[in-house]
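J.: no sequence for this one, just the structure:
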Ligand SMILES: O=c1[nH]c(=O)c2[nH]c(=O)[nH]c2[nH]1
């Protein structure tokens, strides 16, 4: 029976590495969740059990922690690229490496109006993400970087409408010109490969894109979550030539007006029931026409159309 090994990859998932910089009394921390994966010519490991080409996932884990000490963590993107290059050097059978990073950010705790040197509170403003894929070596080396943010929970208490939609015999949703719009955004944006080759200030770009996404969410008068996402993504592409495409996954966190009429009370958009499920799931991407090819940039990153 003709059977062959299909797509495969292997690595160490969710290495939780915290790097403390303590060169001065004012400490700095980077708090990451790093997942590594190698792809390539690993048929023997699967078919005959011969592991001679396999760089163990345990070694990959050790490398993550050793590199946090040796190189520090300048940014998720840079750290991931260092790791990918290292694994391609250490494992000759690997044709590509995919490094996924989540970064949890911490703010200094203010004490008497002064930010503390070594006490932090986790910032609740979204998780920074990066997926770096390096394929090939030498002149054939291709680097793809998809940065992003997840768990960015946003809400507008007005400035959102939803009406004029298709109706059939099962439609009960009332049309509205004033509703709450709330979502927990997952946004990922892919960088142009030429821009990557020229060098990108990853943190400056990430900070600016996050701020722009929030600004546009606030500013856009929404006729649907779809239209809001399109406006946010378009703004990113207009203002960031280094970005090739933006993808969104946005659960529509429905807020239903509570019916207070049994209690003789009116409710002009003041009291809502925040439903947690089911939720509308709106996914969309915005792509620059002349965008560089994505290659393997999205391979292994689920949850987006
Ligand atoms: O912004 C929205 N988009 C939809 O597609 C949709 N469908 C729905 O019931 N409510 C909403 N809201």
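T.: Ah, there it is. Just so you know, these numbers come straight off a predicted model, no measurement behind them.
J.: Spatially nearest residue to the residue nearest in space to the middle of the chain (excluding sequence neighbours)?
T.: Residue closest to the mean C-alpha point of the chain, counted by Cα atoms, centre = their mean, is residue 148 at 3.4 Å. Spatially, and ignoring its direct neighbours in sequence, residue 148 is nearest to residue 188 (3.6 Å; Cβ to Cβ, 6 or more residues apart in numbering). Any C-beta I mention is one placed from the backbone N, CA and C, and that applies to glycine too.
J.: where's that neighbour relative to residue 124, distance?
T.: Here the criterion is Cβ to Cβ, to the nearest Å. By it, residue 188 lies 20 Å from residue 124.
J.: Looking at these two, which is more packed in?
T.: Higher neighbour count among residue 188 and residue 124: residue 188, with 23 against 10, using other Cβ atoms under 10 Å.
J.: part of a strand, is that one?
T.: Yes: with DSSP: H, G, I helix; E, B strand; the rest coil as the criterion, residue 188 is assigned to a strand.
J.: let's number from 720 now, not from 1
T.: Sure, I'll start numbering at 720, so the last one becomes residue 907.
J.: wait, what's in contact with it?
T.: Residue 907 sits next to 848, 850, 865, 866, 867, 965, 966, 1020, 1023 when contact means Cβ atoms under 8 Å, 6 or more residues apart in numbering.
J.: end-to-end on stretch 960-977?
T.: Stretch 960-977 has an end-to-end distance of 45 Å (criterion: Cα to Cα, to the nearest Å).
J.: State the mean pLDDT of that stretch.
T.: For stretch 960-977, the mean pLDDT works out to 98.
J.: How about stretch 1005-1012?
T.: For stretch 1005-1012, mean pLDDT rounds to 95.
J.: Now that stretch: buried residues?
T.: The neighbour-count check on stretch 1005-1012 (16 or more other Cβ atoms under 10 Å) flags 1005, 1007, 1011 as buried.
J.: got a list of what the second one touches?
T.: In this case it means residue 1007. 911, 956, 962, 963, 964.
J.: how does it look with 10 Å?
T.: 909, 911, 956, 957, 959, 960, 962, 963, 964, 965 (Cβ atoms under 10 Å, 6 or more residues apart in numbering).
J.: The first one bridge partners, please.
T.: This means residue 909. Legend: beta-bridge partners of residue 909 under DSSP bridges are residue 865, residue 964.
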